[in-house]
Structure formats: structure tokens, C-alpha cells
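Q: following is a predicted model, sequence given first.
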Amino acid sequence: MRTSKESGFTLIELMVTVLVAAILAAVAVPAYIDYVKRSKISQATSNLSSMRVKLEQYFQDNRTFEGACKDKTIAPLPPADDFAYSCPTLTDFTYTVEATGAAPGAMTGFTYTIDHENKMMTTAVPGGWGAAPKECWIVKKGGAC
């Protein structure tokens with residue numbers, strides 16, 4: 001009598017493996033995308049904090065904020081990355097620096113500001129990230145600062 005040993009996987013075993021992998025991917029991919037967004041937000045807020053220091057140095061040298069936020073000054077705007085940086089308010093004694101999520105991209109809809117009083121604001125966020133405006137920098141989904 002001959003006995004043959006069959007080896008391999010059944011179709012059911014293969015389908016269960018694919019199902020488990022799909023469930024893991026469905027959980028892991030959105031979490032990873034949010035993690036990447038949070039890292040880009042921290043880059044923007046770091047650049048805003050750095051601009052605040054540079055603008056204060058500019059004021060110490062010139063006794064005004066006017067003329068800052070330009071190339072070849074002590075306070076040039078950071079280079080654009082996932083955010084575009086601007087100084088929408090720049091007067092003798094006040095300033096506002098703004099980081100706006102570059103479009104098109106993952107950061108579209110995010111806008112953060114800092115001003116001469118060190119007031120950090122989130123002026124816009126996409127859906128699911130909380131409500132704006134808020135007097136802090138929203139860095140996590142749900143509006144956590």
C-alpha cells in the first residue's frame with residue numbers, strides 16, 4: 001500500500017492569512033499617515049518658534065519689525081517645505097508669522113501662527129483634527145494641543 005503525503009496550504013488557510021494581513025493593514029496605514037502628519041506639524045511649529053527668536057533679534061538690532069521676513073536679514077522666512085511661511089502682519093511693534101499647509105499635499109488645511117506676544121494659534125485644520133481657531137497649536141487628531 002502506498003501512502004502519499006500531501007504538502008502545502010489549503011485555500012481556506014491562505015484566505016485566512018490574507019484576511020489577517022488586510023485587517024492589520026487597515027489599522028496600520030491610517031495610524032502611520034497620522035504619524036507622518038504629526039511629524040510635519042512639529043516641523044512647522046519648530047520653524048515658527050525659530051522665526052519668533054529671529055524676529056526678536058531683528059527688533060533688538062533695528063527697533064522695528066518692519067523689513068524683517070526678507071532674504072539677507074537676520075530673520076528670513078524658513079524655506080517652504082510641507083508648509084509655506086509668511087509674515088502677514090509686520091509693523092513697528094507687532095508681527096504675525098504664519099505657516100500654511102502647502103497644497104496640494106497631505107498638509108492642506110493646516111494653518112498655524114505665532115505673534116509678538118508669543119500667542120500660538122491654530123487658525124485652520126482639516127476635518128477630524130478638532131475645531132479652529134484655537135489658542136494653541138493642534139498637533140493631534142481630536143484637537144489635542
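A: Received, thanks.
Q: for Lys37, phi and psi?
A: Lys37 adopts backbone torsions of phi -60, psi -40, taken as degrees, to the nearest 10.
Q: leaving out chain neighbours, which residue sits closest to it?
A: Nearest non-adjacent residue to Lys37, counting by CB to CB, 6 or more residues apart in numbering: Ala106, 6.0 Å away. C-beta: built from backbone N, CA, C; applies to glycine.
Q: which non-adjacent residue is nearest the most centrally placed residue in the chain?
A: Nearest residue to the geometric centre of the chain (CA atoms, centre = their mean): Ile41, 2.1 Å. Leaving aside its chain neighbours, Ile41 sits nearest to Val139 (5.3 Å; criterion: CB to CB, 6+ apart).
Q: now do the same contact list for the one you found.
A: Shown in contact with Val139 (CB atoms under 8 Å, 6 or more residues apart in numbering): Arg38, Ile41, Ser42, Thr45, Cys145.
Q: swap in 10 Å and give it another go.
A: When contacts are counted by CB atoms under 10 Å, 6 or more residues apart in numbering, Val139 is found next to Lys37, Arg38, Ile41, Ser42, Ala44, Thr45, Tyr112, Thr122, Trp129, Gly130, Cys145.
Q: who are the packing partners of the strand or helix carrying Ala28?
A: Following DSSP states H and E, one finds Ala28 within helix 11-62. In this structure, helix 11-62 makes packing contacts with strand 83-90, strand 95-101, strand 111-115, strand 120-124, judged by 3 or more CB pairs under 10 Å, 6 or more residues apart in numbering; DSSP states H and E.
Q: other SSEs contacting the third one?
A: Under the contact definition 3+ CB pairs under 10 Å, 6+ apart, strand 111-115 sits against helix 11-62, strand 83-90, strand 95-101, strand 120-124.
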